[in-house]
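In: Pasted the sequence and its predicted model underneath.
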Amino acid sequence: MAKAFMAYPELRSPFEAKEIHPQGSATILYQGKTITLSETGGGSELLINPKDLQQVNGFVIKPEGACLDDLCIPLNEQLLLEQDGRQWFNLTGFADLLEQTYVADQEAGVWSFAEIPVKRDNMMLNAMAPDIEVTDRQGNVVRMADLKGKKALIVTWSSW
Amino acid sequence: MPVWQRIYEEINDPDFVIICAAQDTGGEAAAGPIFDAANPTYIQVVDENHQISSAFNFVNVPSAAWIDEEGRIVRIDEGTYAKIHAIGEGEQAITFGNDVYEPALKDWVANGADSVHVQSAATVAGNIRQHSKEQEQADAAFCLGNLFRRHGQDVKADQYWEVARALNPDSVNFIRQNLTLTEEGSAGEQFRAMRSNFERTGTDYYRPLDIKN
């Protein structure tokens, strides 16, 4: 009997079972990146070292708030807090404030974040391409912003 | 993929790029050989997390965006076939695709903003799918499932793929990617049931291509 069209059941379990990160760490997925942090806390919320915020989502903590380019989000004591004698940034609280959705598997310590809606306004309202970056098969990082001055066709396909 | 390479070579303009992104959780093993067979010189991406679809709110393949020199999207989210394809023979043959997309693309590359195929910002913004919070969350769930899959944790991988599918039932990408891992594949009975359901509910499989001859 011919193999069913585009069936790859052999790809169901091609990977050996392994831990996602060392015990006590947390993993964050955002914009295609996988970031593992060793300093986290918070239980149902995800608290991170404020110094790690920039590598997670590009925001930098300044006196006026958490800032990305011209956007600055003022921070209150629920977002930038003291706990156990040290300072934490409440990443899930920040996401809630920005109406950024996420899905968490707390058992595994993994938080997966969708895009921040305000960062998509320029596309949704003004038809400007999102400033995403992808890595090509040769390992080059391709940023949409680097394509300025050229016309680009972005086209998806799949093997299935 | 060969069709895009041919078109890319025919256009042969240093200020025109094609980024071709395989939406494939199977990664290089699934998409790489197909890319290689086309000998492509355009930018090739194996997009395991469907990041491009997520960024442009695409829900099916092939889909595309045209982006001009200033970074403005001038067309988006159409069933992007660049020729008429046929599967099977005789009365059983299924044909799909069109022969108008390729000349329209070439016209845009040649004429830029003067091309009749360039759409206004308002039209493009209207053609971008508006995703609900649940649909945005579906993308996060899909990536979470993929992480578990890559770590050999299939029970959780399946769990979060199912969450993604339930949160965004319009995503053909999620449904068919999931079906590749079944014995019936991505074009079997469940796929046909999905097509029937889309027809019954009036859900677009692709947005109709708005290009005239």
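Out: The structure has been received and is ready for your questions.

In: contacting residues around the strand or helix carrying residue B:145?
Out: Assigned by DSSP states H and E, residue B:145 belongs to helix B:133-150. Contacts with helix B:133-150, where a contact means Cβ atoms under 8 Å, 6 or more residues apart in numbering or on different chains, come from A:15, A:20, A:27, A:29, A:32, A:34, A:99, A:101-103, A:105, A:108, A:110, A:112-115, A:117, B:25, B:48-50, B:54, B:154, B:156-161, B:163-168, B:170-171, B:174. Every C-beta, even on glycine, is put in place using the N, C-alpha and C of the backbone.

In: Filter these down to the ones in helices?
Out: B:54, B:154, B:156-161, B:163-167, B:174 (DSSP state H).

In: for chain A, which spans come out with low pLDDT?
Out: A:1-3 (pLDDT under 70).

In: Mind jotting down where the helices sit in it?
Out: A:53-57, A:91-97, A:121-126.

In: picking up where we left off before, buried among the contacts of helix B:133-150? Need that as a selection in PyMOL.
Out: Of the contacts of helix B:133-150, the buried ones can be selected in PyMOL as follows, counting by 16 or more other Cβ atoms under 10 Å in any protein chain shown:
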select buried, (chain A and resi 20+27+29+32+34+101+102+103+105+108+110+112+113+114+115) or (chain B and resi 25+48+49+50+54+154+156+157+158+160+161+163+164+165+167+168+170+171+174)
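
In: Skipping adjacent residues, who's closest to the residue of chain B found nearest chain A in space?
Out: Closest to chain A within chain B is residue B:185: 3.0 Å, counting by Cβ to the nearest Cβ. Of all residues not flanking residue B:185 in the chain, residue A:7 sits nearest, at 3.0 Å (Cβ to Cβ, 6 or more residues apart in numbering or on different chains).

In: need the contact list for the one you found.
Out: B:179-180, B:182-186, B:188.

In: Which stretches in chain B count as helices?
Out: Using DSSP H, the helices of chain B run over residues B:2-11, B:27-37, B:51-56, B:101-111, B:121-127, B:133-150, B:154-167, B:172-179, B:189-201.

In: what are the ranges of the strands in chain A?
Out: Counting by DSSP state E, chain A has strands at residues A:26-30, A:33-37, A:40-41, A:47-48, A:60-62, A:65-68, A:71-73, A:80-83, A:86-90, A:102-105, A:110-113, A:133-135, A:141-143, A:151-157.

In: Return the list of helices and strands in contact with the second one.
Out: Okay, so that is strand A:33-37. Other helices and strands packing on strand A:33-37, by 3 or more Cβ pairs under 8 Å, 6 or more residues apart in numbering or on different chains; DSSP states H and E, are strand A:26-30, helix A:53-57.

In: Would you format those as JSON lines with distance to chain B included?
Out: JSON lines is the format used below for the helices and strands packed on strand A:33-37 (distance: least, Cβ to the nearest Cβ, whole Å):
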{"stretch": "strand A:26-30", "distance to chain B": "5"}
{"stretch": "helix A:53-57", "distance to chain B": "13"}
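
In: most tightly surrounded among the ones you listed?
Out: Burial of the helices and strands packed on strand A:33-37 is given as mean neighbour count (mean count of other Cβ atoms under 10 Å in any protein chain shown); strand A:26-30 ranks first at a mean of 22.
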